[in-house]
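# Give me a model of this one.
(one chain, ligands or ions: 1)
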Amino acid sequence: MGEELENMKKIGVLTSGGDAPGMNAAIRAVVRTAIYKGMKVYGIRRGFQGLMHGDIDQMDAASVGEILHRGGTILNTARAEAFKTEEGIQKALTVLKVFGIEGLVVIGGDGSFRGARDLSQRGFPTIGIPGTIDNDIVCTEVTIGFDTAVNTVLEAINKIRDTVASHERTNIIEVMGRHSGEIAIATAIAGGAEGIIIPEVPVDIDLLCKRIIEGRNRGKTSSIIILAEGAGKAMELEEIIEKRTGMETRATVLGYLQRGGSPSAADIILASRMGYHAVELLENNIGNRVVISKNNKIMDEDINKALAMPSKFNEELFELAMVLSI
Ligand code: ATP
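Take a look at the predicted model:
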C-alpha cells in the first residue's frame, strides 16, 4: 500500500504583477481558511522578489482584519526578473525550506502563474489565483478586480457624459487593455457608448465617424467612444475624429485610477471563494493548479493547460456593443 501524504501544515501567500482591487479579500480568505483548518500561514511581501529575499512574516486572523474594503494589496507586489532564472527559483526554494513552508498561493496574472508553474515543476506545490483587472486570463470566465475596474470606468463615463452633453461634443475615453478589449467592451455596453475600439478588431474610422454624424443629425447631444489603450492613442484619434466629423472632440485617458478604489461586492465574494478553494487544494497536497470560475462555480485547472490556452475574444459581447451603439 502507498504511503499517504499528511495534510499540509504550513503555507505561504503572495501577490505578484499588477495589483487589483479584491486581492486583499483573497489574502484574507487564504489566511483565515488556513487558520480555520489548523494550518500556519505566512505572508510574503513584494511577490517573488520578497520570496527570494525572505521578506516573510507569519499571519494571524487579526492581521487581515479591516482590509476587505481596501484596494491594492497589503502584501505589496513587484515584478521580479531574477525569478525567471534557475538561480532565482533555487533561492526561493531555499527560503521556503528554511521557513518550513510546504505550499504556496500566488495571486496575480499569467506572468505570475508561470512563476507558480516553475515552483510546482520543481516539486513545490503552488496554486495560482487570477487577480488582474484586465480579465485576460483565458482559463477563467472572470478575474479578481475586473468587476471593480468596470464599475470605476462606468462612473467616469457617466461623469464625462454630463459635461460632453452640455457642450455637444465627442469624447474619446481611453481605458486599460494593452492586448485585451475586455474592459472596453464591458464599459461600452454598460456606459451606452457610441463607439468602441479594441486591439482584437481593426477599426473602421470612416464608419465610426459616419455613426457620430448620423447620431448628431438624429439629435444626439454627445458621443462617447471607448478606446482600449492597445488599439491606439486617444490624443491622435481626437484630431482625426474632429477633422472628419467637424465636431469638437476631446480625449480622456483614465490611466491608473482604473486600478484603485474599494473592491465591488462581486470581486470580494469571488476573491473569498477563490482563496478558500486554493487552501483546500494545498491542504490535500495538490499543486500546479489555477483556481478558476466557470458558470459561477469555483473550480481549478492544470497550470500548464491554463497557460497554453489561446487568447480569448468575447465576440458575442463585442457584437452586442456594436449593435447597441448605433
Ligand atoms: P498583470 O496581468 O497584472 O501584468 P502578471 O502576473 O502577468 O500580472 P508579470 O509582470 O507578467 O505580471 O509577472 C509578474 C512576475 O511573475 C514577474 O515579475 C516574475 O517574477 C514572474 N514571472 C513572469 N513571467 C515568468 C516566467 N516566464 N517564468 C517565471 N516567472 C515569471
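# ok, H167 - contacts?
Contact analysis of H167 by C-beta atoms under 8 Å, 6 or more residues apart in numbering lists E248. Heads up, the C-betas are built off the backbone N, CA and C, glycines and all.
# Mind listing what's buried along stretch 224-240?
Within stretch 224-240, the residues scored as buried using 16 or more other C-beta atoms under 10 Å are I224, I225, I226, L227, A228, E229, G230, A231, G232, A234, L237, E238.
# ok, now stretch 156-174?
For stretch 156-174, by 16+ other C-beta under 10 Å, it's A156, I157, I160, R161, V164, R169, T170, N171, I172, I173, E174.
# between the residues you listed, which is closest to G18?
Nearest to G18 among the buried residues of stretch 156-174 is E174, at 17.1 Å by C-beta to C-beta.
# so the closest one is in which element?
strand 170-175 (DSSP states H and E).
# Only C-alpha atoms, please: export that strand in CSV.
Backbone C-alpha positions of strand 170-175 (Å, rounded to 0.1, in the frame of the first residue of the first chain) are rendered in CSV as follows:
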residue,chain,number,x,y,z
THR,A,170,-17.5,63.8,-28.8
ASN,A,171,-15.3,62.3,-26.1
ILE,A,172,-12.8,59.5,-26.6
ILE,A,173,-12.2,57.7,-23.3
GLU,A,174,-9.0,55.6,-23.2
VAL,A,175,-9.3,52.6,-20.9
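# and it, how far out from the chain's middle?
In terms of C-alpha atoms, centre = their mean, to the nearest Å, the centre of strand 170-175 is found 21 Å from the chain centre.
# Which strands and helices lie in contact with that strand?
helix 146-167, helix 182-190, strand 223-228, helix 234-245, strand 249-253 (3 or more C-beta pairs under 8 Å, 6 or more residues apart in numbering; DSSP states H and E).
# show me where pLDDT drops low in the protein?
The model of the chain has pLDDT under 70 over residues 1-3.
# Show me which residues of it sit near the ligand.
16-18, 48, 79-80, 83-84, 108-112, 114-115, 118, 132, 134 (C-beta under 6 Å from any ligand atom).
# Show me which of the residues you listed are buried.
16-18, 48, 80, 83, 108-110, 112, 114-115, 118, 132, 134.
# what two of those residues are the furthest from one another?
Every pair of those checked by C-beta to C-beta; the farthest is D118 and D134, at 22.1 Å.
# Where does the stretch 51-200 of the chain get nearest to the ligand, residue-wise?
As assessed by C-beta to the nearest ligand atom, the ligand sits closest to G111 within the stretch 51-200 of the chain, at 1.9 Å.
# Let me see the ranges of the strands in the stretch 1-150 of the chain.
10-15, 40-44, 56-59, 103-108, 126-130 (DSSP state E, counting those that start in this stretch).
# strand partners of the fourth one, parallel vs antiparallel please.
Each strand paired with strand 103-108, and its direction, by DSSP bridges: strand 10-15 (parallel), strand 126-130 (parallel).
# what's the distance between F48 and F113?
12 Å (C-beta to C-beta, to the nearest Å).
# scratch that, Y256 is what I was asking about
With C-beta to C-beta as the criterion, Y256 and F113 are 23 Å apart.
# now T94
Counting by C-beta to C-beta - T94 and F113 are separated by 22 Å.
# Give me the more crowded residue out of the two.
For T94 versus F113, neighbours defined as other C-beta atoms under 10 Å are more numerous around F113 (26 against 12).
# nearest residue to that one other than its sequence neighbours?
G128 (4.3 Å; C-beta to C-beta, 6 or more residues apart in numbering).
# Tell me how many other residues surround the one you found.
With other C-beta under 10 Å as criterion, G128 counts 35.
# Break down the stretch 201-326 of the chain into its helices, ranges please.
Secondary structure of the stretch 201-326 of the chain (DSSP state H, counting those that start in this stretch): helices at 205-217, 234-245, 265-283, 303-308, 315-324.
# whoops, the stretch 1-150 of the chain was the one
23-36, 47-52, 86-99, 110-121, 146-167.
# which stretch among the ones you listed comes nearest G287?
The nearest among the helices of the stretch 1-150 of the chain, by C-beta to C-beta, is helix 110-121 at 4.7 Å.
# what's in contact with that closest one?
Counting by C-beta under 8 Å, 6+ apart, 16-17, 47-48, 79, 83-84, 89, 92-93, 104, 106, 126-128, 136-137, 287-288, 290, 303-304, 306-307 sit against helix 110-121.
# What of stretch 294-308?
Residues contacting stretch 294-308 (C-beta under 8 Å, 6+ apart): 110, 113-114, 116-117, 120, 127-128, 137-141, 273-274, 276-277, 281, 288-293.
# switch the cut-off to 7 Å
Outside stretch 294-308, the residues that touch it by C-beta atoms under 7 Å, 6 or more residues apart in numbering are 110, 113-114, 116-117, 120, 128, 139, 141, 273-274, 277, 281, 288-292.
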